[in-house]
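# Whatever this is, show me its structure:
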Amino acid sequence: QVQLVESGGGLVQAGGSLRLSCAAHGPTFRFYNIGWFRQAPMKEREFVAGRDWADGSTSYSDSVKGRYTISRDNANYTVYLQMNNLQLEDTALYYCAASRKSFTAPQTMGAMGIDSWGHGTQVTVSS
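Numbering: from 1, shown residues only. You can find the predicted model right below:
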């Protein structure tokens, strides 16, 4: 299994940007697909973005498409989530997740088949 540690969260004004990092620990990191999920208070966890290691395929939820970009640095065992034009509704605890299943698959976007989760990093967007 791979261990994941998120960082980069914080407080930002609406319209601003943040970049989250997901650092992976484990020799098999490069064989895992990595995704980002988020959970706001009183809401269910939802898929945000994913990137597959084999062909670099990416997937995004409709709510973040065009504003967020997921990228991967295999040499540094890190996956990034660049978040631009942040809105109040983006406030949530953001988690990265590793899976051997593709994040283009609905089941994986639904958090099925996740092998590892990070502990999360808080993103708060203020008006």
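# now the strands for this structure?
3-7, 10-13, 18-25, 33-39, 46-51, 58-60, 68-73, 78-83, 92-99, 114-117, 121-126 (DSSP state E).
# contacting residues around the worst-scoring helix or strand of the chain on mean pLDDT?
Ranked by mean pLDDT, DSSP states H and E, the weakest helix or strand in the chain is helix 106-109, scoring a mean of 90. The contact list for helix 106-109, computed with Cβ atoms under 8 Å, 6 or more residues apart in numbering, reads 33, 35, 47, 50, 59, 61, 99, 101, 102, 103, 113, 114. The C-beta positions use only the backbone N, C-alpha and C, and glycine is treated the same way.
# Also stretch 67-74?
By Cβ under 8 Å, 6+ apart, stretch 67-74 touches 29-30, 34-36, 48-51, 53, 56, 58, 60, 78-86.
# again, only this time at 10 Å
Residues from elsewhere that reach stretch 67-74 (Cβ atoms under 10 Å, 6 or more residues apart in numbering): 17, 19-24, 29-30, 33-36, 48-53, 56, 58-61, 64, 78-87, 90, 96, 103.
# ok, and for the least confident helix or strand of the chain, which residues are buried?
By neighbour count on 16 or more other Cβ atoms under 10 Å, the buried set for helix 106-109 is 108, 109.
# Work out the gap between stretch 86-103 and the centre of the chain.
How far stretch 86-103 lies from its chain's middle: 4 Å, per Cα atoms, centre = their mean, to the nearest Å.
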